[in-house]
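K.L.:
Build the 3D model from these lines:
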Amino acid sequence: MTFRTLPRLAAAGAIALTCTITAPANAQSITAIANGVCQGLDPACYNGWGGRDPAANGYSVLIYSRVGETVTNPHANIAYGVQRLTELLEGADIKVTTSSDLADVQGPRQLRAYDTVIFFNTQRDTLDSAAQMALRIYVESGGGFVGIHNAFGTQYNWEWYRGLLGGTQLFDHGPNQPATVAVVNAADAATEGLPESFTVTDEFYNVFPDPQAVADINVLLAVDDSTRIAGTGGYNGHPGLYDGLHPLSWCHYYDGGRAFLTTLGHTEDIFDDANFRAHLLGGIESTMGRKPFCQGG
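P.N.:
Numbers count the residues shown, from 1 in each chain. Predicted coordinates for the structure are as follows:
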């Protein structure tokens, strides 16, 4: 099966070369988004090259919360959210390392120690070139990635990272307000045991483009925009309305790794919400391989 063909334009008088990449036979349903990496819901996209052995060493995650040097308004809930997330994971017998230090993510071997790397309310340019390389190699070797809330407002000029998020990033958001969240797919570890719907107060992101239109993702939660009585439009002009679901959380395989993403996570109170905590724990455990990943899509 030919996955894609990449022509190389030769100089005048030289021989034109064509490079053909052949995908494995079990990759029939794998899709490729704009930057050409393996993406979708087919487990054939996963690379188990990381060499991590949770059975011997236990499960371990990194919570990374650095914001860019030019940021003047980091999220006020970072310290509290990291604390509550750490308590949640340690209560599930998961070792947690927390950091906002760029030096802790600049080497692929550093990241190999973790079953999942969690970007929690990172913001703008939070990685340098070395850290970008380290994260990409980590994911390509089968690493887990979790992006929470302003992970979507991070590394705007790095197309590979945008693909990791599901081909989208934060455009704007409306007022912080309560709204009804619906469980779209109840078959996944991240939604197991959740009610059909529940109410949270948060900053509901308008991401662009709609990830459902540009990537093969498994939408897990969506917001009922009719319950957002303070309005859906954002500060940059996005109407806050989508053609169908307004997705909040989703999962997919990406470039060899597993990714679980949620745009929720702005307030302190949401990290005390039992439904959101269960959603986070299930999603994180699935990216680690502790529970089945991205089911029911």
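
K.L.:
Centroid-nearest residue for this structure?
P.N.:
The centroid of the chain falls nearest to L261 when counting by C-alpha atoms, centre = their mean (3.4 Å).

K.L.:
so that one touches N150, yeah?
P.N.:
No. Counting by C-beta atoms under 8 Å, L261 stays clear of N150, with 11.9 Å between them. From N, CA and C alone the C-beta is placed, and that goes for glycine too.

K.L.:
which residues of this structure fall in helices?
P.N.:
54-57, 78-90, 108-111, 129-140, 159-164, 211-214, 274-288 (DSSP state H).

K.L.:
T267: which of these is closest?
P.N.:
helix 78-90 (9.1 Å; C-beta to C-beta).

K.L.:
To A189, which of the helices of the chain lies closest?
P.N.:
A189 lies closest, by C-beta to C-beta, to one member of the helices of the chain: helix 274-288, at 4.0 Å.

K.L.:
any idea how far S100 is from A186?
P.N.:
Separation of A186 from S100 (C-beta to C-beta, to the nearest Å): 35 Å.

K.L.:
close enough to count as contact, N185 and G283?
P.N.:
No. The criterion here is C-beta under 8 Å, and N185 misses it with G283 at 11.9 Å.

K.L.:
hmm, back to that, closest one to G237 among the helices of the chain?
P.N.:
Here helix 211-214 is closest among the helices of the chain (C-beta to C-beta), at 18.7 Å.

K.L.:
and that closest one, which residues are buried?
P.N.:
When burial is assessed from 16 or more other C-beta atoms under 10 Å, helix 211-214 yields the following buried residues: P211, Q212, V214.

K.L.:
now, among the residues you listed, which is nearest to G36?
P.N.:
Each of the buried residues of helix 211-214 was scored against G36 by C-beta to C-beta, and V214 proved nearest at 13.5 Å.

K.L.:
Now the closest one. Nearest residue, chain neighbours left out?
P.N.:
Counting by C-beta to C-beta, 6 or more residues apart in numbering, the nearest residue to V214 once its immediate chain neighbours are dropped is G167, at 3.9 Å.

K.L.:
now do M133
P.N.:
Using C-beta to C-beta, 6+ apart and skipping the chain neighbours, the partner closest in space to M133 is P108 (7.3 Å).

K.L.:
Go ahead and confirm the one you found touches A130.
P.N.:
No. With contact defined as C-beta under 8 Å, P108 does not reach A130; the gap is 9.6 Å.

K.L.:
Neighbour count: those two, which is higher?
P.N.:
Counted by other C-beta atoms under 10 Å, P108 and A130 do not tie: P108 has more neighbours, with 17 against 14.

K.L.:
how near is the residue nearest to M133 to S65?
P.N.:
Counting by C-beta to C-beta, the gap from P108 to S65 is 20 Å.

K.L.:
for this structure, what are the low-confidence residue spans?
P.N.:
Within the chain, the segments meeting pLDDT under 70 span 1-35, 68-69, 72.

K.L.:
Let me know whether L280 touches T86 as I believe.
P.N.:
No. At 11.7 Å, L280 and T86 do not qualify as touching, with contact defined as C-beta under 8 Å.

K.L.:
thinking again about what came up before, ok, A186 and S100, which is more surrounded?
P.N.:
Between A186 and S100, S100 has the larger neighbour count (other C-beta under 10 Å), namely 17 against 14.

K.L.:
Contact partners for the closest residue to the more buried one other than its chain neighbours?
P.N.:
Nearest residue to S100, sequence neighbours excluded (C-beta to C-beta, 6+ apart): R66, at 4.4 Å. By C-beta atoms under 8 Å, 6 or more residues apart in numbering, the contact set of R66 is S99, S100, D101, L102, T122, T126.

K.L.:
cool, D243 as well?
P.N.:
Residues near D243 by C-beta under 8 Å, 6+ apart: D210, A213.

K.L.:
how close does it sit to P209?
P.N.:
11 Å.

K.L.:
So Q177 sits against T199, correct?
P.N.:
No. Q177 is beyond contact range of T199, at 10.5 Å (criterion: C-beta under 8 Å).

K.L.:
more crowded one of the two?
P.N.:
Taking other C-beta under 10 Å, Q177 and T199 do not tie; Q177 has more neighbours (16 against 12).

K.L.:
Distance-wise, check the closest residue in space to the more buried one that isn't next to it in sequence relative to Q295.
P.N.:
Once flanking residues are discounted, Q177 sits nearest to A230: 4.1 Å by C-beta to C-beta, 6+ apart. Noted for A230: a distance of 34 Å to Q295, by C-beta to C-beta.
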